[in-house]
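Enquirer: Just the structure for this:
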Amino acid sequence: LVDHGGASAWLTLGPVSRLPESFLRYFIAALQTIDPDLGSGSLERLNNASVKDITDELGSLANDLMLFQGSVYLFIDNIQSGESDVIEHFIELLLDVSPPNFHLVLASRALLGFSLARLMVRNDLVHISSDKLRFNDDEAHQFVTEEHGINLSRELTAQLNLRCEGWVAALQLACLSLKDAQSKEKFISGFSGKARDIAEYLAVDVLGKQPERIRDFLYHTSVLDRFNVELSRHVSGEADTRGIIDYLEEKSLFIAPLDNEANWYRFHSLFREFLLSRLEERQESDQRLICKLAGGWCADNGYFDEAVEYMLRGGFAEAATSIIEECAQNEFNEGYMPRVAAWTRRIPRDIQLERPRLMLLNAVALGHMSRAEDCIQVVQQIERNLHIYDAQLQEDIKTQLDVQKCSISMMLDNVSDATKYFNADLELLPEFTRGMTDNIQGYSHLALGNFEQARKHLERARALHFSSRSSFGLVYSDCFMSLMALMQGDLPRAR
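Expert: Next up is the predicted model:
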């Protein structure tokens, strides 16, 4: 494709990308490996507010693709992992509105949940079934002799390909042992490409030939969606993980680097599924412990999305909640309110009700996403639960609830009410929260024409957000200050 002037990108879907908003972020990230401007507007909107319907961004994405000079080929692998009607609807509409220079290649292990009939009628679809993907004898011979360097006659290659049913993954598995086989004819006559036989082959001829420490490493890291030297060391207890990863790469044991620097890796999905099935046969507690270790390491190293995912996957919802409470403020500073709201949605309801701080953080996120009704429901739920908390916690919560009520009033254009919630107790809150309150107060006074009051609040908001290093809050302060200058006719200052 590159030789013919096309630009290509690759996106492999997994468990983390099932949420529509996460999918859209990964979709844009893939396009931006071609050109950073592709999807930049949509990404900015995602970072600043919740996108209730990801299909709303299709017009902007289609326009960006149309303006791109050249052909764009986007490969989406493992598309069945999306498991979402919203994602399938997005792709279906994308195929209808995308410009002629955009080409989408979808790889799936199952039939897609939407109709492709219209594309077939317009002759805009090339459907490559699993049968068409099977290697013929010539392709199999080229793969065995050139890719793996095995001296094998065409007759024996044809026999092997017949037993593998043209399945390249099975050929890959076979070639690993075929290199060391004393009798290639005997090996090929006893090899089968059926799934059960492949699993048995992996167990005996791949895992069975590895030292115990390599097998243990493979089992432990199979739980991870991706891993690096440090994370794999943490969950496996193996000291020389760098050496093991190099060994796996050297032996072509289904490991692939995820970046040019070879910092992060993943396993081939087929191999990983096999390892997980073997791990499940041992003890369920093993997977849970690995998830807990992985979640803790990711949280300590700033990979909060993965930290929450691993904790929830392992059944440690309380630990996931603590991670959210710990990192939410930093997420707010950068404007990632939708991320916090998405995390909170995955926490079981009974735990949410026991954790007022989590609910307050959710209310902050929803407020900044202009989801007034949802924010009101969270605030009302917290108020209904106030009686179960101790006296000091009740007072702290009431002060923070005033902030959320102030935010709700502004969202509902009740700016007069918003100005009533400012009181001395707010000075005890964190800088970001105080800066947020001053921004709301400043905007409300601005809407009422109280320019001097608005200026005081906005200047203080700017100072607080600068001190707390919140670029997100600073942008709001500057925007409101510019709006005030414009309302006063001061165009140079507004600019």
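Enquirer: Check which element follows the longest helix seen in the chain along the chain.
Expert: Determined from DSSP state H, the single longest helix within the chain is helix 391-411. Using DSSP states H and E, the helix or strand that directly follows helix 391-411 along the chain is helix 415-418.
Enquirer: same question for the helix or strand following that next one, mean pLDDT?
Expert: Sequence-wise, the next helix or strand downstream of helix 415-418 (DSSP H and E) is helix 431-447. The average pLDDT for helix 431-447 rounds to 89.
Enquirer: what do you get for stretch 36-55?
Expert: Mean pLDDT, stretch 36-55: 84.
Enquirer: If you count neighbours, what's buried in that stretch?
Expert: By 16 or more other C-beta atoms under 10 Å, the buried positions in stretch 36-55 come out as Leu38, Gly39, Ser42, Leu43, Leu46, Asn48, Ser50, Val51, Ile54, Thr55. Where you see a C-beta, it was placed from the backbone N, CA and C, and this is true even at glycine.
Enquirer: thinking again about what came up before, same for the longest helix of the chain, what does it pack against?
Expert: On a contact count with 3 or more C-beta pairs under 8 Å, 6 or more residues apart in numbering; DSSP states H and E, helix 391-411 meets helix 356-368, helix 372-385, helix 415-418, helix 431-447.
Enquirer: Which residue ranges of the stretch 201-350 of the chain form helices?
Expert: Ranges of helices in the stretch 201-350 of the chain, per DSSP state H, counting those that start in this stretch, are 212-221, 229-236, 241-250, 269-282, 284-300, 304-313, 317-333, 337-345, 349-354.
Enquirer: hey, least reliable of those by pLDDT?
Expert: Across the helices of the stretch 201-350 of the chain, helix 269-282 gives the lowest mean pLDDT, at a mean of 80.
Enquirer: Enumerate the positions of that one that are buried.
Expert: For helix 269-282, by 16+ other C-beta under 10 Å, it's Ser269, Leu270, Phe271, Arg272, Phe274, Leu275, Arg278, Leu279.
Enquirer: what separates it from the chain centre, distance-wise?
Expert: Here the centre of helix 269-282 is set off from its chain's centre by 23 Å, with C-alpha atoms, centre = their mean, to the nearest Å.
Enquirer: between that helix and helix 212-221, how many degrees?
Expert: Inter-element angle recorded for helix 269-282 and helix 212-221: 100 degrees (by axes from the mean of the first three to the mean of the last three C-alpha atoms, to 10 degrees).
Enquirer: when you give positions from now on, start the count at 465
Expert: Renumbered: residue one is now 465, and that last one reads helix 733-746.
Enquirer: For the spatially closest residue to Leu757 that is not a sequence neighbour, list the residues it contacts.
Expert: Leaving aside its chain neighbours, Leu757 sits nearest to Val699 (4.6 Å; criterion: C-beta to C-beta, 6 or more residues apart in numbering). Shown in contact with Val699 (C-beta atoms under 8 Å, 6 or more residues apart in numbering): His684, Thr685, Val687, Leu688, Phe691, Ile754, Leu757, Ala758, Trp761.
Enquirer: Isn't the fifth one up against Asn727?
Expert: Think Phe691. No: with contact defined as C-beta atoms under 8 Å, Phe691 does not count as touching Asn727 (10.1 Å).
Enquirer: Of these two, give the one with the bigger neighbour count.
Expert: Taking other C-beta atoms under 10 Å, Phe691 and Asn727 do not tie; Phe691 has more neighbours (26 against 12).
Enquirer: From Ser504, how far off is that one?
Expert: Distance of Phe691 to Ser504, computed by C-beta to C-beta, to the nearest Å: 30 Å.
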